[in-house]
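*Asks:* all I have is the shape, not the residue letters:
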């Protein structure tokens, strides 16, 4: 089944194809471009820590870091590693694991069809042995330590640890040296077969390529996947945070902070649509043009590293303000006070319109690049949305909605602060 | 490829280069002011773009300026400092959506060109000087930025190796200058640095995007015509040095993983062909996931997560950096050097060479698909005295032979080894 999805606003379109194999194809050809970017993604990330494929069976528990470990191991097949195969096409290939997905991707200017074939083949051909698993434990052990030395990463993961009581978002994506020691070739196969079913995956392509060639190669490489029954074990997470403040001493020059507000999640689609409106609210509250930003900047409490973001997945949603500060506690208190003030006094129409234009332009700019389009199509798809729904949500946001989000989502009693402070 | 390039001299030492392609949805104007790096002046110059970014004569309030940017559909103004070889580049840029995407048809290109010009030529002054308050604020921010280099240990180790390697030459001067010099900045010294930059810098203005660059060209030409200029002569020649002896330095820090950085000198690369051969050699050696370093140091020996080589032609240097367990650094270093020796001996096959050509060509051809890619490519080309397009370069790279790569590897000499050791191993929290 093929659908043409069009935006009148940008006068562009893309195709959505339900392939007989079970895989969804989202194809966005872009006129005038020289390169193409393709991503094969499974709806499986670090937060999926238990599953069952038989409704009567018990849930199978997965060691922390398995999704990321699997991502590394997929590159190795019986006939050599995928990087060596891409070497013959020149494509620039990579993969990443996030909280809720694992993506395998490549970008190229030539030999698109050969590279696509490699991508589809290696991600659908698992090959794990005790030897290859043990070798990877060494490499990933070093990757974990690299992140341990990264204060930007630490301040964020410490924050999530403080914010979440039970939710696995509080655990590092790569797991720990101890948790990955539990991983075996058998446990990788079991997890693979549950989550790498084509019905649970999407292929997104953007840039210079022909959609017909993608369909043809997909026809050739992929066999129909069996019907899938996949249940995840969602945890019941309270609105309260685990702890109000967390601090780590670290060899840094200046203190860093991340202030997080826990948002009560809705369904996956609503989480995304609300978080777009919350991007506008963040602009109003703490964007460059806000009175708060001015006050903090002039007071030397923040610098140009200050930023705000909205993060959400299937069953979580959060608002995060972060940066360097000579006094993280005071900066955080000022932000919380400002939220309380605006919640009481309301958002002005001018501030709302400005924030909306800034966010709207972000979504138009996203359509400038093949890689950002391919990425955004994945996120939208797994939340039950189309790419242009994101742009329209920004363009059609109303002041009333923003006020409602501010009232429901910016609850200062559910805030936590993470601080990285210099060694004494 | 649809990008069109037009480069014109619009003033004394001032060039305007327009790279346009209708496929984009935004436009970017980037003003680059180049002066030789000097320890004495680096910090005073470095503060200038950050002060200019705060406000200007026609928009004398920071919040008002940011409101204006939001109204211009989230236009983004940036001030920053870059470094190219022995030059410091003061950069101001404005990026916005194209006029086609403004809801009421506002002429965004014209507005953004006026804005960039306003910030550069008509700063907000009090009694002829930058405001005391602005300088005080940005001085602290500059000091914070200089100190924050310490936060990212990988970056810290790389910078440490660079400082050791180029000690005493302008190449060692950091783009933001030193903390000590930054502390001495006053409203007067920053304002003097600003006037000096406008008068003496070599200026490269780039317009990249889908819109019509003529409005921007016109306003910049008019303003530079009214500016007294005695620009420095920019020297595009590359440094050609070999290492005399290897210097090894170790530092202990309270971190989880050791960071090994090895700085090599690339010797004499004067012709564009030699530069291309060096680029190929470094990619084959350690620039791709199938390169010698990745395949051996990481995949075969499992010594690290990353081990990569990069080439900086502007400073005549190749750098290898890797995160390794403290205790394994010697083993990693031996393997890194052994692989270089193998490349020198030509112990690599045609498939490796072909793959490297394909990878570089792929990267070159993809450059033309992003505003950033185009800006970086053409600015670097201009600064190295060339006007080659990425596609032309791809064609030339494909002709580099195995012998040329061996010759490039033979010129490489190890200069400095810096190891940032983890004092306490395995302090996982």
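*Replies:* Ah, there it is. Being a predicted model, the structure only gives us computed values, none of them experimental.
*Asks:* quick one, helices of the stretch 201-350 of chain A?
*Replies:* A:211-221, A:268-286, A:291-298, A:328-345, A:349-366 (DSSP state H, counting those that start in this stretch).
*Asks:* any chance of CSV for those, columns mean neighbour count and distance to residue A:99?
*Replies:* For glycine as for every other residue, the C-beta is placed from the backbone atoms N, C-alpha and C. Shown next, in CSV, are the helices of the stretch 201-350 of chain A (neighbours: other C-beta atoms under 10 Å in any protein chain shown; distance: least, C-beta to C-beta, whole Å):
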stretch, mean neighbour count, distance to residue A:99
helix A:211-221, 15, 28
helix A:268-286, 23, 12
helix A:291-298, 17, 28
helix A:328-345, 17, 24
helix A:349-366, 21, 20
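*Asks:* redo the ones you listed as CSV? Include mean pLDDT and distance to residue B:191.
*Replies:* Below are the helices of the stretch 201-350 of chain A laid out as CSV (pLDDT from 0 to 100; distance: least, C-beta to C-beta, whole Å):
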stretch, mean pLDDT, distance to residue B:191
helix A:211-221, 97, 58
helix A:268-286, 98, 31
helix A:291-298, 95, 20
helix A:328-345, 98, 30
helix A:349-366, 94, 32
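*Asks:* distance to chain B added to these, as JSON lines?
*Replies:* Shown next, in JSON lines, are the helices of the stretch 201-350 of chain A (distance: least, C-beta to the nearest C-beta, whole Å):
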{"stretch": "helix A:211-221", "distance to chain B": "18"}
{"stretch": "helix A:268-286", "distance to chain B": "8"}
{"stretch": "helix A:291-298", "distance to chain B": "5"}
{"stretch": "helix A:328-345", "distance to chain B": "14"}
{"stretch": "helix A:349-366", "distance to chain B": "3"}
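*Asks:* closest one to residue A:231 among those?
*Replies:* For residue A:231, the closest of these is helix A:268-286, at 15.3 Å, according to C-beta to C-beta.
*Asks:* counting by contacts, list what the closest one packs against.
*Replies:* Applying 3 or more C-beta pairs under 8 Å, 6 or more residues apart in numbering or on different chains; DSSP states H and E, we find helix A:268-286 packed against helix A:291-298, strand A:307-312, strand A:317-324, helix A:328-345, helix A:349-366, helix A:370-382, helix A:387-395, helix A:399-409.
*Asks:* closest to residue A:195 out of the ones you listed?
*Replies:* Here helix A:370-382 is closest among these (C-beta to C-beta), at 12.4 Å.
*Asks:* average pLDDT across that closest one?
*Replies:* Averaging pLDDT along helix A:370-382 gives 97.
*Asks:* pull the distance from that helix to the chain's centre.
*Replies:* 10 Å (C-alpha atoms, centre = their mean, to the nearest Å).
*Asks:* leaving out chain neighbours, which residue sits closest to the residue nearest the centre of chain A?
*Replies:* Per C-alpha atoms, centre = their mean, the C-alpha nearest to the average position across chain A is that of residue A:98, at 5.3 Å. The shortest distance from residue A:98 to any non-neighbouring residue, by C-beta to C-beta, 6 or more residues apart in numbering or on different chains, is to residue A:45 (5.3 Å).
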